[in-house]
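Visitor: With the input below, show me the fold.
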Amino acid sequence: MPSFVPIHGLHHFAYRCRDAEETRHFYEDILGLPLVHVITQDRVPSTQEYAPHAHIFFRMTDGSCIAFFDLGDGQAAEPSPNTAPWVNHLALRVDSVAELETAMAKLRAAGVEVLGITDHHTIKSIYFFDPNGIRLELTAPVVPGPSLFEGTGHEARQHLAAWQDKKQQHALGA
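Guide: Residues are numbered from 1 along each chain as shown. Alright, predicted model coming up:
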């Protein structure tokens, strides 16, 4: 199979939001991500479907963005009924455990309920929800050095195969 074109990184990840200003306040005023772009349209560019919306973008320091669609109806995206609330989340990286602790204190001071600090051995994390019910995770490396996944690629397929076997055994009632 010919290789695909190189994918260089995340441009943006988009969610639905209940209210663009409420979302702006949380991401810009509390999390410190600047609002860098707003598009308002009556039609969806890809489908030409009539759907008035605002598309808002918040930039992270690496240049990638978190984006939201305000559809003007005051509704947030509904959680998936077959998925536990901890599964779908967006994990964002900070540089140190000290920054993670500072972030946790600032979030709590802003009235945000925070779970953590959770020790995952290679990273530590805190968890919280944005005003739209989206679960966010902030992570920090436990020790400076190579990226979290550096040197683990050779084991990844073995671990995935073992998981697939375990699922199959469970499905067969073993």
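
Visitor: Now do Leu107 against Gly116, distance only.
Guide: Using CB to CB, to the nearest Å, one gets 10 Å for the distance from Leu107 to Gly116. In short, each C-beta sits where N, CA and C put it, glycine included.

Visitor: Can you work out which residues contact both of the two?
Guide: Common neighbours of Leu107 and Gly116 are listed as Ile126 (criterion: CB atoms under 8 Å, 6 or more residues apart in numbering).

Visitor: Contacts only, for the spatially most central residue of the chain.
Guide: Computing the C-alpha centroid of the chain and ranking residues by CA atoms, centre = their mean puts Leu90 first, at 1.5 Å. Going by CB under 8 Å, 6+ apart, Leu90 touches 13, 66, 134-137.

Visitor: Doesn't it lie inside a helix?
Guide: No. With DSSP: H, G, I helix; E, B strand; the rest coil as the criterion, Leu90 is located in strand rather than a helix.

Visitor: Verify the stated contact: Asp42 with Tyr50.
Guide: Yes. Counting by CB atoms under 8 Å, Tyr50 is a contact partner of Asp42 at 6.4 Å.

Visitor: Tell me the bridge partners for Ser127.
Guide: No, residue 127 isn't Ser; it's Tyr. Tyr127 forms beta bridges with Leu115, Glu137, as assigned by DSSP bridges.

Visitor: While we're on it, how confident is the model there?
Guide: pLDDT recorded at Tyr127 is 97.

Visitor: List the contacts of it.
Guide: 86, 89, 114-116, 118, 135-137.

Visitor: Repeat that for Glu101.
Guide: Taking CB under 8 Å, 6+ apart, we find Glu101 in contact with Ile117.

Visitor: Now do the SS call for it.
Guide: What three-state DSSP gives for Glu101 is helix.

Visitor: what sits up against whichever helix in the chain runs longest?
Guide: If you go by DSSP state H, the chain has its longest helix at helix 153-171. Around helix 153-171, nothing counts as a contact under CB under 8 Å, 6+ apart.

Visitor: tell me how far that helix is from the chain's mean position?
Guide: How far helix 153-171 lies from its chain's middle: 25 Å, per CA atoms, centre = their mean, to the nearest Å.

Visitor: try stretch 82-98
Guide: The answer for stretch 82-98 is 6 Å, by CA atoms, centre = their mean.

Visitor: cool, stretch 128-139 as well?
Guide: Counting by CA atoms, centre = their mean, stretch 128-139 comes out at 8 Å from the chain centroid.
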